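Undergrad: Next input, structure requested:
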Amino acid sequence: MRTKLGSINRLVAVILALVWGAAGVAGLVIAYVFGHWVAAVAAIFAFWYALLWVWVVVHAGLLTWGEIATPWRAR
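TA: As a prediction, the model looks like this:
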């Protein structure tokens, strides 16, 4: 059974998605400017995490571990 998130929790999820998205952009900029490939890998993971938080906002429910690993198979 999935618990539905209220408006405050969805607002927090939006803020987290924005922060992780900004971290991804910053990581890509650092990777481009300084040529650090590790920053690019970290940026990709930050974007993935931001997309997971966007999924939480859109569906108003928390993800299970299976949905985190394969969100395209989620209901």
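
Undergrad: Could you give the average pLDDT over the helix or strand where residue 12 lies?
TA: Here residue 12 sits within helix 7-34, counting by DSSP states H and E. For helix 7-34, the per-residue pLDDT values average out at 95.

Undergrad: please renumber so the chain begins at 689
TA: Will do, 689 is the new start, and the previous item becomes helix 695-722.

Undergrad: How far off centre is the next helix or strand after that helix?
TA: Following helix 695-722 in sequence order, the next helix or strand is helix 725-747 (DSSP H and E). Here helix 725-747 shows a centroid-to-chain-centroid distance of 4 Å under the convention CA atoms, centre = their mean, to the nearest Å.

Undergrad: Helix 725-747 packs against which elements?
TA: Using 3 or more CB pairs under 8 Å, 6 or more residues apart in numbering; DSSP states H and E, the elements in contact with helix 725-747 are helix 695-722. The C-beta positions use only the backbone N, C-alpha and C, and glycine is treated the same way.

Undergrad: Can you list the helices and strands that the helix it packs on packs against?
TA: Helix 695-722 packs on helix 725-747, going by 3+ CB pairs under 8 Å, 6+ apart.

Undergrad: mind listing what's buried in the helix it packs on?
TA: Neighbour-count burial for helix 725-747 flags 727, 730-731, 734-735, 737-738, 740-745, 747 (criterion: 16 or more other CB atoms under 10 Å).

Undergrad: how much space between residue 705 and residue 722?
TA: Note on residue 705: its distance to residue 722, by CB to CB, to the nearest Å, is 26 Å.

Undergrad: between these two, which one's more packed in?
TA: Between residue 705 and residue 722, counted using other CB atoms under 10 Å, residue 705 has the larger neighbour count: 19 against 8.

Undergrad: Name the nearest residue to the more buried one, ignoring sequence neighbours.
TA: Sequence neighbours aside, residue 741 is the residue nearest to residue 705 in space, at 3.7 Å (criterion: CB to CB, 6 or more residues apart in numbering).
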